[in-house]
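[1] Below: sequence and its predicted model.
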Amino acid sequence: MGDAVNLAYHDTEWGMRVSGESAHLERLTLEAFQSGLSWRTILDKRDNFRAAFAGFDADVVAAYGPDDVERLMADAGIVRNLRKVQAAITNARATVAIRDRGGLETFIWSFRPEPGPAPRTTADVPTTSPESVALSKALKRAGFAHVGPTTMHALMEAIGLVDDHLEGCHRRGCAH
């Protein structure tokens, strides 16, 4: 992790279960925006993302139109990538659409794997899993975008669905 911001995120949030639709939509959105960038970039802009995307209220973001896309693309406080901005709106709309199937939180957690052994080194930490591949495919079928298997594995780690804290890490087992 290295720096104080990443260390604080690791020690207080990464791998901890979150609850509620907006918390899950936030993590899914931030992981998609992180793709190709450092996580530190996303952490540094997180408050701006929350403001730009209405606290990740799916109903509000689902109603975003062309003017909102233009506003977001002019917002230097977030990552200005048109495909990712459009995916965030698409994903909010898909989140609203799956409420009748139990909602986003239930949907994501239905892909929880059996706990595995603790990785011994960072080289032992997978970047995908059969479950992240399955989650990615299921989300795509449900209308979500920018939810590839690697991004979904990162989401699964971030929300405590998968515990990839290293053996001996004081945070190992924190989501249980």
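    In hand now; what should we look at?

[2] Quick one: neighbours of residue 102, just the number.
    Neighbours of residue 102 under the rule other CB atoms under 10 Å: 11. Using the backbone N, CA and C atoms, a C-beta is placed for each residue, glycine as well.

[3] how close does it sit to residue 2?
    Taking CB to CB, to the nearest Å as the measure, residue 102 falls 38 Å from residue 2.

[4] repeat for residue 63
    39 Å.

[5] between the two, which one's more packed in?
    residue 63 (14 against 7).

[6] Beyond the strand or helix carrying residue 106, next helix or strand please.
    Assigned by DSSP states H and E, residue 106 belongs to helix 103-109. Using DSSP H and E, the helix or strand that follows helix 103-109 in sequence is helix 130-141.

[7] Name the residues that touch that next one?
    Contact partners of helix 130-141, identified using CB atoms under 8 Å, 6 or more residues apart in numbering, comprise 94, 107-108, 111-113, 147-153, 156, 162.

[8] same question, stretch 57-72
    The contact list for stretch 57-72, computed with CB under 8 Å, 6+ apart, reads 21-22, 25, 52-54, 78, 80, 82, 85-86, 88-89, 92-93, 95-96, 104.

[9] Can you say which of these are buried?
    When the contacts of stretch 57-72 are checked for burial by 16 or more other CB atoms under 10 Å, the buried set is 21-22, 25, 52-54, 78, 85-86, 88-89, 92-93, 95-96, 104.

[10] Tell me which residues are up against the longest helix seen in the chain.
    If you go by DSSP state H, the chain has its longest helix at helix 82-97. For helix 82-97, contacts defined as CB under 8 Å, 6+ apart pick out 21, 25, 28-29, 32-33, 35, 53, 56, 58-62, 64, 68-69, 72-73, 103-104, 139, 142-147.

[11] How about stretch 28-35?
    Stretch 28-35 has contacts (CB under 8 Å, 6+ apart) with 41-42, 46, 49, 53, 56, 78-79, 81, 84, 87-88, 91, 104, 108, 144, 146-148, 150-152, 154-155, 158.

[12] Alpha carbons only: can I get that stretch in PDB?
    The C-alpha trace of stretch 28-35 is given here as PDB (Å, rounded to 0.1, in the frame of the first residue of the first chain):
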ATOM      1  CA  LEU A  28     -19.000  -0.800  -8.400                       C
ATOM      2  CA  THR A  29     -18.800   2.700  -9.900                       C
ATOM      3  CA  LEU A  30     -15.400   3.500  -8.400                       C
ATOM      4  CA  GLU A  31     -13.900   0.200  -9.300                       C
ATOM      5  CA  ALA A  32     -15.000   0.800 -12.900                       C
ATOM      6  CA  PHE A  33     -13.500   4.300 -12.900                       C
ATOM      7  CA  GLN A  34     -10.300   2.900 -11.500                       C
ATOM      8  CA  SER A  35      -9.700   0.600 -14.400                       C
END
